[in-house]
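Asker: here's my sequence, what's the structure:
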Amino acid sequence: MPDFMTLFQNYANESKLSDSTLARASGFSRTYINKMRNGKKFSRNYERMMKVIECLQLEKNVEDELKMAYQMQLSDDGGYMIVDAVSQLIKSFDAIVMERDNRILLTEEKWPEQKIY
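Answerer: Presented below is the predicted three-dimensional model:
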């Protein structure tokens, strides 16, 4: 998962909303929004950042991704790497389990249950 600042820069620039519009929605100054948009500032003001993110009018899953990235960076600047590593580990376990389940199904098809009399 990319870090919050990279995601924010991309989504803020894609939104075509002006710095003034984002500033009015959040309570940040226009200058501060511009610095965030250019990756020079990171705000620890959770409420205001949530207002900025919501103002971007992103799809729900994209907004959730951006909020999660913000919370991870807020709590620990390297935390997103840990979450990403755990996510990859879980995906690999899922793949192993699916492979095992497929082998079990194939084995059951080859060797139907035998009735013992």
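Asker: how about stretch 43-55: buried residues?
Answerer: 43, 48-49, 51-53, 55 (16 or more other Cβ atoms under 10 Å). Any C-beta I mention is one placed from the backbone N, CA and C, and that applies to glycine too.
Asker: chain center to that stretch, what's the gap?
Answerer: 16 Å (Cα atoms, centre = their mean, to the nearest Å).
Asker: and the contacts of it?
Answerer: For stretch 43-55, contacts defined as Cβ atoms under 8 Å, 6 or more residues apart in numbering pick out 8, 12, 17, 21-22, 25-28, 32-33, 36, 63, 66-67, 70, 74.
Asker: how about a cut-off of 7 Å?
Answerer: For stretch 43-55, contacts defined as Cβ atoms under 7 Å, 6 or more residues apart in numbering pick out 17, 22, 25-28, 36, 63, 66-67, 70, 74.
Asker: may I have the phi/psi pair for the residue positioned nearest the centre of the chain?
Answerer: In the chain, the residue lying closest to the centroid (Cα atoms, centre = their mean) is residue 65, at 2.8 Å. For residue 65, the backbone dihedrals are phi -60, psi -40 (criterion: degrees, to the nearest 10).
Asker: how far away is it from residue 11?
Answerer: 9 Å (Cβ to Cβ, to the nearest Å).
Asker: need the contact list for the closest residue to residue 58 other than its chain neighbours.
Answerer: Closest residue to residue 58 in three dimensions, ignoring its sequence neighbours and counting by Cβ to Cβ, 6 or more residues apart in numbering: residue 11, at 6.1 Å. By Cβ under 7 Å, 6+ apart, the contact list for residue 11 reads 56, 58, 66.
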